[in-house]
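J.: this one's structure only:
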């Protein structure tokens, strides 16, 4: 089937660009001597998780237990919930998964550790635990140093949990535009992380895993010599927001190519100056701004409503007849993917496959 | 099951408020002497569509053929696609539905009319057609007056389509904050609509249906004496954005109650000053701004990420222990609903039912 025959709106993956991104990150991690555990919250797809692992990833990250369930069902055998879970039913489900797969989770609270251990004991499971340290992201996590040590000791004292190391992800740094400012933010995080590792080590709590790094910063965590496991997600697809991050001074681009597109059709052509397309608020996420028009970079998309968007054609008044199709670059890839049930996978203009997004809507 | 036992994030419907909203709109339309055809793009749920029709609605609106398919499967017998469709496979599917249900659609282009008639003829279907007029929304639609007349004549000349009237929805006016400004915008739309009705009538093209009106403006369309079919959607649920519309000077509120909530849990409590909840970009739509915290109106939600949001508790430093649950009011109800597979339907703190969102993700 030719791309032009794909019904719209559809979520496209350009396979050449996708594979190039996958291979590049796998090679960088390998050369950098760190493990790669890509974040599956970006793709929510067992096919992609297994391809990442086939290229050397040690497993994947999830944010939700229901995501982990979907991926384990799809054949993924090693999962880190890079997030806190406090509900007992969710913890029970996680303990059940841990009977079939290698499962780790993050913690930042002593009561949650007790509840997690209870679930693991009742299910006779072993669960690996990373203590999450707030290294500047200002979201979850205990403080570096002493608070992290106290929680790690608590984990180590339980019957069914194993203290494995630190989650030290700096979420805020991912989207700092300037390369130098982004590097500085990670350097600060790395310093707080190192101080914590040394404190724990001096108390007999070695950090086998020191995890963090996203698509915006992974090169800095890798270069730090402190982190040994990277968690980027968006690099496989990219989005308009990540393209706005500046690369190393002198370097042309980040090297990752846009591989994810929303395919849309012109459904109304009420004036020479604008065209209405059939992809709106239910086909794209808008938290990081408007999509870009891949196939006409100087045309802007604006005024989204539930099922419509408007293309400004004042510079191209005779283009885009009714029914024309074109590719949009989402502002933010992760929540855009979460709107679809499958990827339409395309190579050089031909549909090669359809990959189910098995963890779409997996909120629990 | 008590509300407090519902796992999070979950999409809640408060049944008392929901039923009050449903009844109020049904009664207003009945007293105003206009037909009500609520928009199902808000709820995407056959249970709700059938309840609306049981209260007197003549049918529902959909935006997409796949939405119509899902609702017809669920027992809805009268659908208006209040939108343009140009793809031939979609038109064939619509013609197939028209064999089992009463189906109408909007058009704004002569080529699309020809394609629609082709599909209807091949499926031996009859399809009702409204000519969409751009009455100030600046989206789809032909111009009022002569352009509408030309297209209506074209529709009337086809073998399998029936010209039924005008779609004259003013989408932009729905969210104008001031009551008087909103009324003025609709008055302008109504004047353009009336002029078009009269022109068509003088050419032997009576407009049996004159449709428009949303939750923000339906009272004005109803009072105009020109519109005879209203299409509000959000009134059943409401959202933060619609609550910002000002009511009639002197009136207390719009009268519609918030019935839709995202139920969320405190999953991290890293500081006395803020709490992290488990509902982020994949649990709420952010195109119309941040959600509000229903149960603590002076607490603000900010900095959403894929699976997190941050509550500012500086004014309530000792509140919200780890695991606490609370209700958020979405910024925009329609795209928030589209993130979930079911509603958890609650009355006075007890779960009464679960309603499937059968057209969730129905983009095609």
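T.: Alright, I've got the coordinates. Being a predicted model, the structure only gives us computed values, none of them experimental. Residues are numbered from 1 along each chain as shown, chains lettered A, B, ... in the order given.

J.: Do you have the helices of chain A handy? List them.
T.: A:15-32, A:46-54, A:65-73, A:88-97, A:110-122, A:146-156, A:179-202, A:218-224, A:240-243, A:333-337 (DSSP state H).

J.: Please produce CSV containing those, extended by mean pLDDT and distance to chain B.
T.: Every residue, glycine included, has its C-beta placed from N, CA and C. Output for these, formatted as CSV (pLDDT from 0 to 100; distance: least, Cβ to the nearest Cβ, whole Å):
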stretch, mean pLDDT, distance to chain B
helix A:15-32, 97, 19
helix A:46-54, 98, 16
helix A:65-73, 98, 9
helix A:88-97, 98, 6
helix A:110-122, 98, 6
helix A:146-156, 98, 10
helix A:179-202, 96, 14
helix A:218-224, 96, 17
helix A:240-243, 93, 12
helix A:333-337, 98, 4
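
J.: Go through those and pick out the most buried.
T.: Greatest average neighbour count among the helices of chain A goes to helix A:333-337 (a mean of 27), per mean count of other Cβ atoms under 10 Å in any protein chain shown.

J.: show me the contacts for residue A:167.
T.: Neighbouring residues of residue A:167 by Cβ atoms under 8 Å, 6 or more residues apart in numbering or on different chains: A:82, A:106, A:130, A:131, A:132, A:133, A:141, A:211, A:212.

J.: Repeat the analysis, applying 6 Å as the threshold.
T.: By Cβ atoms under 6 Å, 6 or more residues apart in numbering or on different chains, residue A:167 lies in contact with A:106, A:130, A:132, A:211.

J.: Using CSV, lay out those together with distance to chain B, pLDDT and neighbour count.
T.: CSV is the format used below for the contacts of residue A:167 (distance: Cβ to the nearest Cβ, whole Å; pLDDT from 0 to 100; neighbours: other Cβ atoms under 10 Å in any protein chain shown):
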residue, distance to chain B, pLDDT, neighbour count
A:106, 10, 98, 24
A:130, 14, 98, 27
A:132, 8, 98, 29
A:211, 17, 98, 28
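
J.: nearest to residue A:262, of the helices of chain A?
T.: Closest to residue A:262 of the helices of chain A, according to Cβ to Cβ: helix A:333-337, at 6.8 Å.

J.: domain assignment for chain A?
T.: Chain A breaks down by automatic domain parsing into domains covering A:3-9+A:254-356, A:18-236.

J.: for the longest one, how far is the first residue from the last?
T.: Domain A:18-236 stretches 6 Å from its first residue to its last (Cα to Cα, to the nearest Å).

J.: ok, the contacts of residue A:167 vs residue B:4, which is closest?
T.: residue A:106 (25.4 Å).

J.: before we move on, back to that, mind checking which of the domains of chain A is nearest residue B:51?
T.: domain A:3-9+A:254-356 (21.5 Å).

J.: Please state the offset of that closest one from the chain centre?
T.: 21 Å (Cα atoms, centre = their mean, to the nearest Å).

J.: Residue A:316: neighbouring residues, count only.
T.: If you count neighbours by other Cβ atoms under 10 Å in any protein chain shown, residue A:316 ends up with 15.

J.: Output the longest strand belonging to chain A.
T.: If you go by DSSP state E, chain A has its longest strand at strand A:260-271.

J.: between that one and helix B:146-156, how big is the angle?
T.: 110 degrees (axes from the mean of the first three to the mean of the last three Cα atoms, to 10 degrees).

J.: Strand A:260-271 pairs with which strands, parallel or anti?
T.: strand A:10-14 (antiparallel), strand A:274-277 (antiparallel), strand A:325-329 (antiparallel) (DSSP bridges).

J.: any chance of those in TSV, with mean pLDDT and mean neighbour count too?
T.: As requested, the strands paired with strand A:260-271 are exported to TSV (pLDDT from 0 to 100; neighbours: other Cβ atoms under 10 Å in any protein chain shown):
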stretch	mean pLDDT	mean neighbour count
strand A:10-14	98	24
strand A:274-277	97	25
strand A:325-329	98	23
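
J.: Can you check which of these gets nearest to residue B:341?
T.: Taking Cβ to Cβ, strand A:10-14 is the member of the strands paired with strand A:260-271 nearest to residue B:341, at 18.1 Å.

J.: got a list of contacts for the closest one?
T.: By Cβ under 6 Å, 6+ apart, strand A:10-14 touches A:259, A:261, A:263, A:340, A:343, A:344, A:345, A:346.

J.: my read: the fifth one touches residue A:355, true?
T.: Yes. Proximity of residue A:343 to residue A:355 meets the contact threshold set by Cβ atoms under 6 Å, at 4.5 Å.

J.: ok, those two, which is more surrounded?
T.: When residue A:343 is set against residue A:355 and neighbours are counted by other Cβ under 10 Å, the residue ahead is residue A:343, at 25 against 18.

J.: now that one: how far from chain B?
T.: Going from residue A:343 to chain B by Cβ to the nearest Cβ, to the nearest Å gives 14 Å.

J.: Roughly how far does that residue sit from residue A:5?
T.: 16 Å (Cβ to Cβ, to the nearest Å).

J.: can you check residue A:179 too?
T.: Taking Cβ to Cβ, one finds residue A:179 at 42 Å from residue A:5.

J.: Would you mind giving me the confidence score for residue A:252?
T.: For residue A:252, the pLDDT comes out at 63.

J.: Spell out, range by range, the strands that occur in the stretch 201-350 of chain A.
T.: A:209-212, A:229-230, A:260-271, A:274-277, A:292-293, A:300-305, A:308-312, A:325-329, A:342-347, A:350-356 (DSSP state E, counting those that start in this stretch).

J.: Might you name the residue of the stretch 101-250 of chain A sitting closest to chain B?
T.: residue A:140 (4.0 Å; Cβ to the nearest Cβ).

J.: ok, and the closest non-adjacent residue to that residue?
T.: Leaving out its chain neighbours, the residue that sits closest to residue A:140 by Cβ to Cβ, 6 or more residues apart in numbering or on different chains is residue B:268, at 4.0 Å.

J.: Kindly report the same for residue A:143.
T.: Nearest one to residue A:143, counting by Cβ to Cβ, 6+ apart, is residue A:134 at 6.3 Å.

J.: which ones are touching residue A:130?
T.: The neighbours of residue A:130, taking Cβ under 6 Å, 6+ apart as the test, are A:106, A:164, A:165, A:166, A:167.

J.: Please name the residues that touch the second one.
T.: In this case it means residue A:164. A:128, A:130, A:208, A:209.

J.: Just the buried ones among these, please.
T.: Neighbour counting with 16 or more other Cβ atoms under 10 Å in any protein chain shown marks A:128, A:130, A:209 as buried within the contacts of residue A:164.

J.: Would you mind confirming that the residue nearest to residue A:143 makes contact with residue A:140?
T.: No. Residue A:134 lies out of contact with residue A:140 (Cβ under 6 Å); the separation is 7.0 Å.

J.: Pull the number of nearby residues for residue A:127.
T.: Count around residue A:127 with other Cβ under 10 Å applied: 25.

J.: Let's have the strands of the stretch 201-350 of chain A in TSV, adding distance to residue B:360.
T.: Below are the strands of the stretch 201-350 of chain A laid out as TSV (distance: least, Cβ to Cβ, whole Å):
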stretch	distance to residue B:360
strand A:209-212	34
strand A:229-230	34
strand A:260-271	18
strand A:274-277	21
strand A:292-293	27
strand A:300-305	18
strand A:308-312	19
strand A:325-329	21
strand A:342-347	14
strand A:350-356	16
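
J.: hmm, back to that, residues near the residue nearest to residue A:140, how many?
T.: 27.

J.: Just the pLDDT for it.
T.: 97.

J.: same question, the one 3 residues further on
T.: pLDDT, the model's per-residue confidence, is 93 for residue B:271.

J.: likewise residue A:168?
T.: Note for residue A:168: predicted pLDDT of 98.

J.: Report the contact partners of it.
T.: A:133, A:135, A:193, A:212.

J.: you'd agree the first one is up against residue A:141?
T.: Yes. Residue A:133 sits in contact with residue A:141 when judged by Cβ under 6 Å, with a separation of 5.2 Å.

J.: So these two - more neighbours on which side?
T.: The neighbour count for residue A:133 versus residue A:141, taken as other Cβ under 10 Å, is higher for residue A:133 (31 against 27).
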